[in-house]
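Could you look at this predicted model? Sequence included:
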Amino acid sequence: LILVPLIHNQKVYGVLEMASFRAFEEHEVRFIEKIAESIASTISTVQVNERTKTLLEQSQQMAEELRAQEEE
């Protein structure tokens, strides 16, 4: 059993858990650790993109409201 934290920029996004009926080889452990870094980076990027999307939508909504107030 191997547990690898999903860490990116010193923030933990989760834990990768893998099991095997045999002991993991050293190269397999290194590979799993690299994959965990990649997964954490991807999760971080998706979260940033979602936050950016939300802020853009809010900004567009506020701009539309201002336009409506100016027309009045």
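Looks like it came in fine. Residues are numbered from 1 along each chain as shown.

the strands in the protein, which residues?
In the chain, the strands defined using DSSP state E lie at 2-8, 11-18.

Could you export those as CSV, including distance to Glu26, mean pLDDT and mean neighbour count?
To be clear about C-beta, it is placed using only N, CA and C from the backbone, and glycine gets the same treatment. Output for the strands of the chain, formatted as CSV (distance: least, C-beta to C-beta, whole Å; pLDDT from 0 to 100; neighbours: other C-beta atoms under 10 Å):
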stretch, distance to Glu26, mean pLDDT, mean neighbour count
strand 2-8, 12, 97, 16
strand 11-18, 15, 96, 12
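
In CSV: those, plus distance to Arg51.
Shown next, in CSV, are the strands of the chain (distance: least, C-beta to C-beta, whole Å):
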stretch, distance to Arg51
strand 2-8, 15
strand 11-18, 14
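
Gln61 is nearest to which of those?
strand 11-18 (29.4 Å; C-beta to C-beta).

which strands and helices sit next to that closest one?
If you count contacts as 3 or more C-beta pairs under 8 Å, 6 or more residues apart in numbering; DSSP states H and E, strand 11-18 packs onto strand 2-8, helix 26-71.

average pLDDT for the longest one?
The average of the pLDDT scores along helix 26-71 is 96.

Centroid-nearest residue for the protein?
Nearest to the mean C-alpha position of the chain, by C-alpha atoms, centre = their mean, lies Ile43 at 1.6 Å.

Tell me who's in contact with the closest residue to that one other than its chain neighbours.
Excluding the flanking residues, the one nearest Ile43 by C-beta to C-beta, 6 or more residues apart in numbering is Tyr13, at 4.5 Å. Residues near Tyr13 by C-beta atoms under 8 Å, 6 or more residues apart in numbering: Leu6, Ile7, Ile39, Ala40, Ile43, Ser44.

Centre of the chain to stretch 12-22, how far?
Computed by C-alpha atoms, centre = their mean, to the nearest Å, the separation of stretch 12-22 from the middle of its chain amounts to 17 Å.

swap that for stretch 54-69, sorry
For stretch 54-69, the distance to the chain centre is 27 Å (C-alpha atoms, centre = their mean).
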